[in-house]
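Visitor: After the sequence you'll find the predicted model.
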Amino acid sequence: MSQNVIETHNLSKHFGPVKALDQVNLIVNKGTTTGLVGPNGAGKTTLFSLLCGFLKPTSGSIQVLGHHADSAHIRGRISILPQDATLLKSLPVGKQLSMLAELQGMNKKAAQSEAVRVLKLVDLYQSFNQLPERLSHGMLKRVAIAQALMGEPEIIMLDEPTAGLDPNTSDAIKAVIRKLGQTSTIIISSHNLEVIEDLCEKIIILRKGQLHSHEMVADLTSRTKALTFKLDKDPEANVADIFKSLPLVTAVKLGQPGQHRMVVYFKDDGESMAEIEIIKCMAVAGVTYREMVRGERLQDTVSDRMR
Ligand SMILES: Nc1ncnc2c1ncn2[C@@H]1O[C@H](COP(=O)(O)OP(=O)(O)OP(=O)(O)O)[C@@H](O)[C@H]1O
């Protein structure tokens with residue numbers, strides 16, 4: 001079978017005068033975990049809905065697992081966790097998942113084992129008999145993810161899988177997604193670029209309905225000549241001026257308060273002298289750091305591209 005599990009050709013979706021998607025050409029390879037990013041209204045949800053066959057294109061074409069997006073051949077092989085997944089309040093979690101599995105065509109016994117399997121995957125088997133109204137926001141999110149995993153889909157699309165979760169629950173969800181990424185192709189739509197950088201090998205950037213870029217996360221972040229520092233504390237505002245006085249430094253970006261981050265951009269002199277000068281200057285300026293990475297973090301690179 002082709003290694004391309006998703007292919008779109010000049011894909012457009014218009015809502016009246018609004019071009020939600022405009023001539024998008026995309027290829028997603030089997031087994032990759034891809035981030036889908038773009039400002040509000042860029043077309044991310046529209047793309048997900050088209051890939052799932054919930055919407056029909058205005059023009060252009062989509063192939064999912066070698067079939068049209070609305071083909072019966074891909075039913076159950078692609079799944080989506082919508083941003084605001086909802087469950088019936090008064091039916092136990094396990095029962096709801098079993099019912100959904102039956103709707104996918106499983107018999108009662110198989111459906112029950114499938115509900116158990118997916119709840120175990122998200123570490124929520126103990127909630128099998130609980131009502132959704134008794135579960136926390138993070139647990140409900142995990143149930144929704146469990147729902148998206150039913151029937152072992154080959155492609156899983158997750159819309160903001162960690163939104164509104166505390167750091168520990170978010171880490172637990174990320175661990176589940178990493179595990180799934182070993183066997184499925186995953187697309188994650190999120191405004192949280194740390195999540196994307198953490199989980200995704202590739203990134204698709206949409207802007208105003210058009211494909212801005214589709215590339216390896218590592219290529220995107222390492223292309224810019226920069227050093228990113230994770231500092232012990234937020235730097236003083238005047239620290240930027242100290243670095244800007246170095247001839248090879250072109251710009252300095254300080255993180256938001258609490259991020260303890262500083263990015264120093266430099267001209268490539270071909271001999272890495274700039275990097276040495278910057279590190280020396282850190283010591284002179286009395287700025288201590290825990291971590292130094294070549295290039296930018298995804299949030300710096302992408303936020304510039306989305307403007
Ligand atoms: N059903 C619809 N009817 C009319 N316009 C729509 C519809 N769905 C989306 N749009 C418009 O299409 C554009 C893309 O919307 P979409 O929801 O795909 O963006 P998004 O990237 O998912 O945004 P967000 O980050 O805010 O979720 C927006 O201008 C939106 O208003």
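Guide: Done, it's in.

Visitor: does E275 count as helix, strand or coil?
Guide: Reduced to three states with DSSP: H, G, I helix; E, B strand; the rest coil, the structure at E275 is helix.

Visitor: Distance check, the spatially closest residue to it that is not a sequence neighbour against E114.
Guide: Closest residue to E275 apart from its sequence neighbours, by Cβ to Cβ, 6 or more residues apart in numbering: L227 at 6.2 Å. C-betas here are computed from N, CA, C, even on glycine. Taken as Cβ to Cβ, to the nearest Å, the spacing of L227 relative to E114 amounts to 49 Å.

Visitor: same thing with M139?
Guide: Applying Cβ to Cβ, one obtains 19 Å for the distance of M139 from E114.

Visitor: which one of those two has more residues nearby?
Guide: In this comparison of M139 against E114, neighbours counted by other Cβ atoms under 10 Å, the higher total goes to E114 at 22 against 18.

Visitor: what about the strands in the stretch 1-150 of the chain?
Guide: Assigned by DSSP state E, counting those that start in this stretch, the strands in the stretch 1-150 of the chain fall at 4-15, 18-29, 33-37, 59-64, 67-68, 78-81.

Visitor: Mind checking those for the one nearest to K174?
Guide: Across the strands of the stretch 1-150 of the chain, the minimum distance to K174, taken as Cβ to Cβ, is reached by strand 33-37, at 11.0 Å.

Visitor: So what touches the closest one?
Guide: Contacting residues not belonging to strand 33-37 are listed as 28, 44, 47-48, 177, 181, 185-191, 193, 195-197, 199-206, 217, 302, 306 [Cβ atoms under 8 Å, 6 or more residues apart in numbering].

Visitor: do stretch 133-146 as well
Guide: Here stretch 133-146 makes contact (Cβ under 8 Å, 6+ apart) with 81-82, 85, 87, 89-90, 93, 97, 118-119, 121-124, 127, 132, 158, 161-162, 164-166, 169, 172-173, 176.

Visitor: what do you get for stretch 53-66?
Guide: Under the contact criterion Cβ under 8 Å, 6+ apart, stretch 53-66 has outside partners 1-2, 4-14, 21, 23-24, 46, 49-51, 68-71, 73-74, 77-78, 154-155.
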